[in-house]
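# Give me a 3D structure for the following:
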Amino acid sequence: MARKHVKFIALAVVFFAVLITAGYVFASGEPPAAVPAAANSAMPWWAWPLILFIVTFFMGIVAVLGGVGGGVLFVPIIGGFFPFHIDFVRGAGLLVALAGALAAGPGLLKKGMADLRLAIPVAVIASSCAIVGAMIGLALPAKTVNIALGGTILGIVGIMLLAKKSEYPDVPKADNLSTVLRITGVYHEISTGQDINWKIHRTPQGLATFIIIGIMAGMFGLGAGWANVPVLNLMMGAPLKVSVATSKFLLSITDTSAAWIYVNNGAVLPMMVVPSIIGIMLGSIVGVRILAKTKPAAVRYIVIAMLLFAGSRAMLKGLGIWN
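Numbers count the residues shown, from 1 in each chain. Sure, this is the predicted structure:
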């Protein structure tokens, strides 16, 4: 691994350690028991961090390919198969998504796949609304959150399945707002050797949709990657790879706002967060290299598969069918 990546990861781990410590210092009230007593007695304490590291490493690779935060996989998988309380899982999920985005974002910008002009207006809106969503999420029962989350994600999967030409959407003409903001660009598609010129439309509708996305991202503790890609790609008309890469970069901004709410309420467990962050960041660095060589159609199927699994798992858990 390059030396700059090692330094980046070391600095990020220190940053999050300070962040977690601050959360416990300023936390209000007693957080729920993180791990049931039965789980503690069944396995040694170091087994869970080791398993989390391995699982999140592979999550980081897949999350970059799907343009989602690691949280969209972390929350349903860790919440469903690990013995941690859901509040700690959601808090860790946001920090995991944030760490993965920080690891992948610079590489995506350098390769020209993530677009800064497309990301900034979306980030301002979504990050502000994510704070409100995080407050709502901590006030709602876990069952309600899981059912709402599952229904939303499965609805997005249905939309993506019906969209047959989402790799390179047909945008006849850029709208006035995107023209004023100069949201357009060119990226080199390595898999085909072509330069893809792209522009977007329906910008006001897309930005309005990100108000809802921001609230839901903070409420579910997943980050907003699961919704960023469909809106950027299907509604606004950005190519799929640009949508995936910009979505990943966006998470480094939007997830920060919601994460502070969970940290401030003590819903962060260092034993979960530290190995998960290291695993997701290393996996994300590998994922960036794979994304550049992956065909757009394959990326689309990866996104659909991830969202279908995450949405089904959350819905079944909320209904009490799969606990």
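# alpha carbons only for contacts and neighbour counts from here, please
Fine.
# if I look at residue 215, how far off is residue 103?
Distance, residue 215 to residue 103, by C-alpha to C-alpha, to the nearest Å: 24 Å.
# Look at those two and report which has more neighbours.
residue 103 (28 against 24; other C-alpha atoms under 10 Å).
# Tell me if I am right that residue 169 is in a helix.
No - using DSSP: H, G, I helix; E, B strand; the rest coil, the secondary structure at residue 169 is coil, not a helix.
# That one and residue 242 touch, don't they?
No - taking contacts as C-alpha atoms under 8 Å, residue 169 lies outside contact range of residue 242: 11.3 Å.
# okay, those two: which has more neighbours?
Ranked by neighbour count (other C-alpha under 10 Å), residue 169 and residue 242 place residue 242 first, with 26 against 20.
# Flag the shaky bits of the stretch 151-300 of the chain, pLDDT-wise.
159-160, 162-167, 191, 221-226, 255, 295-297, 299-300 (pLDDT under 70).
# Strands of that one, start to end?
For the stretch 151-300 of the chain, the strands defined by DSSP state E, counting those that start in this stretch occupy 184-189, 194-199.
# Among these, show me which one is buried the most.
Highest mean neighbour count among the strands of the stretch 151-300 of the chain (mean count of other C-alpha atoms under 10 Å): strand 184-189, with a mean of 16.
# which neighbours does that strand have in its sheet, and in what orientation?
Partners of strand 184-189 in the sheet, by DSSP bridges, are strand 194-199 (antiparallel).
# what distance separates the strand it pairs with from the middle of the whole chain?
26 Å (C-alpha atoms, centre = their mean, to the nearest Å).
# do stretch 109-124 as well
Relative to its parent chain, stretch 109-124 has a centroid offset of 15 Å by C-alpha atoms, centre = their mean.
# Identify each buried residue in it, please.
Across stretch 109-124, burial judged by 16 or more other C-alpha atoms under 10 Å covers 112, 113, 114, 115, 118, 119, 122, 123, 124.
# Dump the residues you listed to TSV, plus pLDDT and secondary structure.
Shown next, in TSV, are the buried residues of stretch 109-124 (pLDDT from 0 to 100; DSSP: H, G, I helix; E, B strand; the rest coil):
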residue	pLDDT	secondary structure
112	75	coil
113	78	coil
114	83	coil
115	84	coil
118	88	helix
119	86	helix
122	88	helix
123	85	helix
124	87	helix
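# Tell me the one among those nearest to residue 278.
Closest approach between the buried residues of stretch 109-124 and residue 278, by C-alpha to C-alpha: residue 114, at 22.9 Å.
# The nearest residue to the closest one once chain neighbours are set aside - how many residues pack around it?
Spatially, and ignoring its direct neighbours in sequence, residue 114 is nearest to residue 246 (4.2 Å; C-alpha to C-alpha, 6 or more residues apart in numbering). Neighbourhood size, residue 246 [other C-alpha under 10 Å]: 29.
# for residue 246, what are its contacts?
67, 108, 113, 114, 115, 116, 118, 119 (C-alpha atoms under 8 Å, 6 or more residues apart in numbering).
# ok, now with 7 Å
Taking C-alpha atoms under 7 Å, 6 or more residues apart in numbering, we find residue 246 in contact with 114, 115, 119.
# same thing with residue 43?
Counted by C-alpha under 7 Å, 6+ apart, residue 43 has zero contacts.
# Distance of it relative to residue 51?
For residue 43, the distance to residue 51 - C-alpha to C-alpha - is 11 Å.
# Repeat that for residue 238.
Separation of residue 238 from residue 51 (C-alpha to C-alpha): 37 Å.
# residues contacting residue 99?
277, 280, 281 are the contacts of residue 99 under C-alpha under 7 Å, 6+ apart.
# and the host helix or strand of it, average pLDDT?
Element membership of residue 99 [criterion: DSSP states H and E] is helix 86-110. Average pLDDT, helix 86-110: 77.
# How far does that helix sit from its chain's centre?
Put simply, helix 86-110 sits 6 Å off its chain's centre (C-alpha atoms, centre = their mean).
# Now it: buried residues?
In terms of neighbour count (16+ other C-alpha under 10 Å), helix 86-110 has its buried residues at 86-105, 107-108.
# picking up where we left off before, need the contacts of residue 246 in CSV with distance to residue 62, can you?
Putting the contacts of residue 246 into CSV (distance: C-alpha to C-alpha, whole Å) gives the following:
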residue, distance to residue 62
114, 17
115, 21
119, 21
